[in-house]
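1. predicted model and sequence below, questions to follow.
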Amino acid sequence: VGASKVINKIKAPMPGLILDIQVKIGEEIKENDALLILEAMKMENIITSPRDGKIKTIAVNKSDAVDKNQLLIEFE
């Protein structure tokens, strides 16, 4: 019955630079809310939430360079 996979971590889909973080730890968010902006190859990519939830940790800071699959945000 429980076929839907719960996503608890957001990882960087590609290497890039964190331009902006739009959520805070403890904040309640909805599916498709913007979480952060990742610049990669001169393009701004808005990383959105895959589900409703609450922000547990933010593993990066604004202006950080990140690698592909690096942890960005965890949900409770």
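-> That came through, no problem. Residues are numbered from 1 along each chain as shown.
2. for the rest of this, base every contact and every neighbour count on C-alpha atoms.
-> Fine.
3. doesn't Lys54 make contact with Lys24?
-> No - using Cα atoms under 8 Å as the test, Lys24 is too far from Lys54 to be in contact (9.4 Å).
4. which of those two has more neighbours?
-> Lys54 (18 against 14; other Cα atoms under 10 Å).
5. wait, what's in contact with the closest residue to that one other than its chain neighbours?
-> Beyond its immediate neighbours in the sequence, the residue positioned closest to Lys54 (Cα to Cα, 6 or more residues apart in numbering) is Glu28, lying 4.4 Å away. Glu28 makes contacts with Asp52, Gly53, Lys54, Ile55, as judged by Cα atoms under 8 Å, 6 or more residues apart in numbering.
6. out of those, who's the most crowded?
-> Going through the contacts of Glu28 with other Cα under 10 Å as the criterion, the one with the most neighbours is Ile55, at 20 neighbours.
7. could you say which helix or strand contains that residue?
-> Assigning secondary structure by DSSP states H and E places Ile55 in strand 53-58.
8. direction included, what does that strand pair against?
-> Using DSSP bridges, the neighbouring strands of strand 53-58 in the sheet come out as strand 28-29 (antiparallel), strand 71-75 (antiparallel).
9. quick revisit: go through the contacts of Glu28 and name the one nearest Ile73.
-> Nearest to Ile73, judged by Cα to Cα, of the contacts of Glu28 is Ile55 at 7.3 Å.
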